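**Q** The following block contains a protein sequence and its predicted model.
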Amino acid sequence: MAKNLFQWAEIFKALGSTYRLQIIQLLDKNRKMSVTDLQQELKISHKNTSRNLKILRSLNILKAQGKAGHVFYEINPEIDKEILQILKHILK
């Protein structure tokens, strides 16, 4: 899917955060994690963790699934191929 410059700017802005890159890295290793799990690993507030997750979800990098009263996040298996290539370079 061809992206315009605005879309690429939003993607790179989202990937320009250390916390968001750490979230992606944690989910790449652990597959699925809750907000609380991610918050404890990152040592940041629940609000900050949720805000970063929302940004990644808005770009379809992550997907969320509710289960037993918790929301678990994972890397979207249907992620855009161009974004996936970028993430593979980052996660080396």
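**A** Alright, I've got the coordinates.

**Q** For the residue most central in space within the chain, which residues are in contact?
**A** In the chain, the C-alpha nearest the mean C-alpha coordinate belongs to residue 56, at 4.3 Å (CA atoms, centre = their mean). Contacts for residue 56 (CB atoms under 8 Å, 6 or more residues apart in numbering) come out as 14, 20, 23-24, 62. Placement of C-beta: from N, CA and C, glycine included.

**Q** and if we set it to 6 Å?
**A** 20, 62 (CB atoms under 6 Å, 6 or more residues apart in numbering).

**Q** what helix or strand does it sit in?
**A** helix 46-58 (DSSP states H and E).

**Q** Can you give the distance from that helix to the centre of its chain?
**A** Centroid separation between helix 46-58 and its chain, computed with CA atoms, centre = their mean, to the nearest Å, is 8 Å.

**Q** so residue 72, which of the three states?
**A** strand (DSSP: H, G, I helix; E, B strand; the rest coil).

**Q** Just the buried positions in the helix or strand hosting residue 12, please.
**A** Here residue 12, judged by DSSP H and E, is contained in helix 5-14. Using 16 or more other CB atoms under 10 Å as the test for burial, helix 5-14 gives 11, 14.
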